[in-house]
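Novice: Just the structure for this:
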Amino acid sequence: MHYRNGREAKNGDKIVKLEGGKVVSFGVLHSAQPGNDFCNGNIAVVQSATDYACMCDCLHIDDVAEMLAEKGLDKRPEGK
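Specialist: All right, here's what the predicted structure looks like:
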């Protein structure tokens, strides 16, 4: 199992889900079965009801999407 950028995927990893080059979900990967990169596993969403925001530690989601596009990670690899 591998992520879009080729990194090996393991249950327990903290992950983000991308659609159209944007982050649509984040949490912890679980129930993924080795040998499959498609529709494999679930995301246990981890989010507090509220959290503090120090702007110097935050990024706007559109800027994250732009960085993904610059690295070519905004689209699925060909054949997948």
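Novice: mind checking the end-to-end distance for stretch 31-38?
Specialist: Its start and end residues considered, stretch 31-38 measures 13 Å (Cα to Cα, to the nearest Å).
Novice: swap that for stretch 36-47, sorry
Specialist: 27 Å.
Novice: Equivalent analysis for stretch 7-19, please.
Specialist: Across stretch 7-19, the straight-line distance between its terminal residues is 18 Å, by Cα to Cα.
Novice: what comes up buried for that stretch?
Specialist: Judged by neighbour count (16 or more other Cβ atoms under 10 Å), stretch 7-19 contains these buried residues: 9, 13, 15, 18. The C-beta positions use only the backbone N, C-alpha and C, and glycine is treated the same way.
Novice: quick one: low-confidence ranges for this protein?
Specialist: Low-confidence regions of the chain, defined by pLDDT under 70, span residues 80.
Novice: the helices in it, which residues?
Specialist: Applying DSSP state H to the chain gives helices spanning 61-70.
Novice: Report the central residue of this structure.
Specialist: Against the mean C-alpha coordinate of the chain, by Cα atoms, centre = their mean, the closest residue is residue 16 at 2.1 Å.
Novice: quick one: it and residue 28 touch, right?
Specialist: No. With contacts counted by Cβ atoms under 8 Å, residue 16 stays clear of residue 28, the gap being 11.2 Å.
Novice: quick one on the thing from earlier: any idea what the residue nearest to the centre of the chain is bridged to?
Specialist: In this structure, residue 16 has beta-bridge partners residue 26, where bridges are defined by DSSP bridges.
Novice: measure it to residue 24 for me?
Specialist: In this structure, residue 16 and residue 24 are 8 Å apart, going by Cβ to Cβ, to the nearest Å.
Novice: which residues does residue 30 bridge with?
Specialist: On DSSP bridges, the residues paired with residue 30 through beta bridges are residue 42.
Novice: ok, how many other residues are close to it?
Specialist: Look at residue 30: counted by other Cβ atoms under 10 Å, it has 12 neighbours.
Novice: where's it relative to residue 46, distance?
Specialist: Separation of residue 30 from residue 46 (Cβ to Cβ): 11 Å.
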